[in-house]
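quick one, structure for this:
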Amino acid sequence: MALRLHYFAGPGRAEVSRLLFTIGGIPFEDVGYSWETFAEFKPKTPFGQVPVLELPDGKMLAQSGAIDRYVAKLAGLYPEDPLQAALADQVVFQLNDFMDLFTPTWTMEKDAKIKARQEILAGKGKEKLQALAKVLEAAEAEGGYVAGGKLSFADVAVFVNLSGITSPIMDGIPAGLLDEYPVLKAFRNKIAKVPAIKAYYEKYGEGPRASFQPDP
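Coordinates of the predicted model:
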């Protein structure tokens, strides 16, 4: 039985793991849900939420951060050196802080949602993106990747989050947001061109994933 990744059909919190599986050439089943079908599966999950990774023995691993790190280790994309692992993790945690700023906006009416997101991008969101740009600029000078001079799960997480924030489903966030952050734009585009990632979005790059394609 292959590993089974349970989540909704969109990118969201399972996209990093999907790409890690893909880059590592690890067979997995991508099990997608609608809100209606998830209701039946929900009681089977450890915490009543997805993503969940179902292991071959039927046990289930919850929480996207735990799943991402587990799959990264299977794929050889988690740094073995403790310091490099911590450097990778710090970037992922910074991304989480940035994306969490937008969590309250999902339940707002459209006009309020757009206004709130624009305010975030002008305030705390901008600060966090500027800070991330400084870290990535330093990483580029020290090997071109977040940790250890080679591709890791953290680079994939940067790509997924920067692509996702400009997704067509993100009302109020301009598609050209990263034009304001050349370092972030260049880094996202570099990871978008990793052969396995590029091939994945040639196949699954429509709708909410349109922004995951390499820049023209």
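
residue contacts, Ser17?
Contacts were defined as CB atoms under 8 Å, 6 or more residues apart in numbering; by that measure Ser17 touches Leu5, Pro51, Leu53, Ser64, Ile67, Asp68, Val71. Glycine gets a C-beta too; all of them are placed from N, C-alpha and C.

let's have the residues you listed in JSON lines, adding pLDDT.
Formatted as JSON lines, the contacts of Ser17 follow (pLDDT from 0 to 100):
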{"residue": "Leu5", "pLDDT": "98"}
{"residue": "Pro51", "pLDDT": "98"}
{"residue": "Leu53", "pLDDT": "98"}
{"residue": "Ser64", "pLDDT": "98"}
{"residue": "Ile67", "pLDDT": "98"}
{"residue": "Asp68", "pLDDT": "98"}
{"residue": "Val71", "pLDDT": "98"}
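
want to throw those residues into a markdown table with secondary structure and neighbour count?
As requested, the contacts of Ser17 are exported to a markdown table (DSSP: H, G, I helix; E, B strand; the rest coil; neighbours: other CB atoms under 10 Å):
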| residue | secondary structure | neighbour count |
| --- | --- | --- |
| Leu5 | strand | 22 |
| Pro51 | coil | 24 |
| Leu53 | strand | 25 |
| Ser64 | helix | 21 |
| Ile67 | helix | 23 |
| Asp68 | helix | 27 |
| Val71 | helix | 26 |
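
of those residues, closest to Gly25?
Closest approach to Gly25 among the contacts of Ser17 (CB to CB): Val71, at 12.1 Å.

that closest one contacts Ile26, correct?
Yes - shown here, Val71 and Ile26 form a contact pair, counting by CB atoms under 8 Å, at 7.3 Å.

work out which residue lies at the spatial centre of the protein.
Val160 (3.5 Å; CA atoms, centre = their mean).

so what's that one up against?
Remark: with contacts taken as CB under 8 Å, 6+ apart, Val160 is in contact with Pro11, Glu15, Val16, Leu19, Phe212.

and Pro182, how far from Thr103?
When distances are taken as CB to CB, to the nearest Å, Pro182 and Thr103 turn out to be 27 Å apart.

and for Gly149?
In terms of CB to CB, Gly149 sits 33 Å off from Thr103.

those two: which is more packed in?
When neighbours are counted by other CB atoms under 10 Å, Gly149 comes out ahead of the other of Gly149 and Thr103, with 12 against 8.

phi, psi of the residue of the chain most remote from its centre?
Distance from the C-alpha centroid of the chain, by CA atoms, centre = their mean, peaks at Asp57 (26.9 Å). With angles defined as degrees, to the nearest 10, Asp57 sits at phi -90, psi 0.

ok, now Pro51?
Note on Pro51: its backbone torsions stand at phi -80, psi 150 [degrees, to the nearest 10].

same question for Ala147.
Its backbone dihedrals place Ala147 at phi -140, psi 130, with angles given as degrees, to the nearest 10.

now do Ala75
Taking degrees, to the nearest 10 as the convention, Ala75 sits at phi -90, psi 0.
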